[in-house]
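let's see this in three dimensions:
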Amino acid sequence: VTDLGAAAYILMHKYKVLGKKGKAVYFEIDEDGLDKFDELSLEYLSSDFHRFDSCLMSLKKINEYMSQHTN
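Numbers count the residues shown, from 1 in each chain. You can find the predicted model right below:
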């Protein structure tokens, strides 16, 4: 999973993290759990957790915006 918010959401659902390489977070998933894992990835997109993550990312950009409009 390359989206940190989605990875955190999946982690909250008790999937075990195997490690991280670059921006990708790797989870331990057995073949029987693959459908549920994919469901969680899609569920995240319409969850309040995704909305929170989007708001957090927007807040991080405030300084950039403010410094551009104060000149």
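
so where's this structure shaky on pLDDT?
Within the chain, the stretches with pLDDT under 70 are 64-71.

show me the strands in it, by range?
For the chain, applying DSSP state E gives strands covering 16-21, 24-28.

any chance of the ones you listed in a markdown table, plus distance to residue 63 and mean neighbour count?
C-beta coordinates here come from the backbone N, C-alpha and C atoms, glycine included. Listed next are the strands of the chain as a markdown table, based on distance: least, C-beta to C-beta, whole Å; neighbours: other C-beta atoms under 10 Å:
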| stretch | distance to residue 63 | mean neighbour count |
| --- | --- | --- |
| strand 16-21 | 27 | 10 |
| strand 24-28 | 27 | 14 |
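
okay if I get these as a markdown table plus distance to residue 3?
Shown next, in a markdown table, are those (distance: least, C-beta to C-beta, whole Å):
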| stretch | distance to residue 3 |
| --- | --- |
| strand 16-21 | 13 |
| strand 24-28 | 9 |
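
and residue 4, which of these is closest to it?
The closest of the strands of the chain to residue 4 is strand 24-28. By C-beta to C-beta, the value is 7.4 Å.

contacts for the closest one?
Defining contact as C-beta atoms under 8 Å, 6 or more residues apart in numbering, one finds that strand 24-28 is touched by 1-2, 4, 7, 10-11, 15-20, 37.

ok, stretch 36-49 next?
Stretch 36-49 has contacts (C-beta under 8 Å, 6+ apart) with 1, 5, 6, 8, 9, 10, 12, 13, 15, 27, 29, 50.

tell me the two of the residues you listed that are most distant?
Going by C-beta to C-beta, the pair spanning the contacts of stretch 36-49 furthest: 29 and 50, at 20.7 Å.
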